[in-house]
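Undergrad: Fold the following, please.
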Amino acid sequence: MYCLFEYASKSNYSLQINVASSVNPDHLLYFRFFGRFIAMALFHGKFIYSGFTLPFYKRMLNKKLVMKDLESIDPEFYNGLKWIQENNVEDANLELYFSVDYEILGQVKTMELKDGGTDIK
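TA: Okay, here's the model as predicted:
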């Protein structure tokens, strides 16, 4: 579907927004159309099985996301974050930064989660 959505993980076939959707210059128009389509169906009481992730539905309903929501997408990733949160990791030398790497069309890009995130451990 024009690279708008992707499976949440290798073991979870729920759909989430694809980071690479921006390769299509009209991706925001497509998302807008898709959102209106879903809203119209809901308004008229029609059921559309779309299979989105729990965090996706929560954002559509303007609900607050919590870390536990990640468990429904990727339990291993959630457990890793939970372990980091519950343990002292300063001596573990994990080399964690406030940035994330992602791949678009075979090219790895880095997005800072906070300004200067690649410099913050």
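Undergrad: buried ones in the longest helix along the chain?
TA: Across the chain, the longest stretch assigned as helix under DSSP state H is helix 27-43. Under the neighbour-count criterion of 16 or more other C-beta atoms under 10 Å, helix 27-43 has His27 buried. (Glycine included, C-beta is placed from N, CA and C.)
Undergrad: which non-adjacent residue is nearest Lys109?
TA: The shortest distance from Lys109 to any non-neighbouring residue, by C-beta to C-beta, 6 or more residues apart in numbering, is to Tyr102 (5.9 Å).
Undergrad: so the one you found sits in a helix?
TA: No. Judged by DSSP: H, G, I helix; E, B strand; the rest coil, Tyr102 forms no part of a helix; its state is strand.
Undergrad: where exactly do the helices run in this protein?
TA: Remark: helices assigned in the chain by DSSP H are 27-43, 54-60, 75-86.
Undergrad: Which strands and helices lie in contact with the shortest one?
TA: Right, the one you point to is helix 54-60. Counting contacts by 3 or more C-beta pairs under 8 Å, 6 or more residues apart in numbering; DSSP states H and E, helix 54-60 packs against strand 12-17.
Undergrad: what about the strand it packs on, distance to the chain center?
TA: 9 Å (C-alpha atoms, centre = their mean, to the nearest Å).
Undergrad: again with stretch 27-45
TA: 19 Å.
Undergrad: Give me the mean pLDDT for that stretch.
TA: The average pLDDT within stretch 27-45 is 91.
Undergrad: before we move on, the earlier item: so the residue nearest to Lys109 versus Lys46, what's the distance?
TA: 34 Å (C-beta to C-beta, to the nearest Å).
Undergrad: Which of these two has more residues huddled nearby?
TA: Neighbours per residue, other C-beta atoms under 10 Å: of Tyr102 and Lys46, the larger number sits with Tyr102, 12 against 9.
Undergrad: Wait, the more buried one touches Val108, no?
TA: Yes. Between Tyr102 and Val108 there is a contact under C-beta atoms under 8 Å: 7.3 Å.
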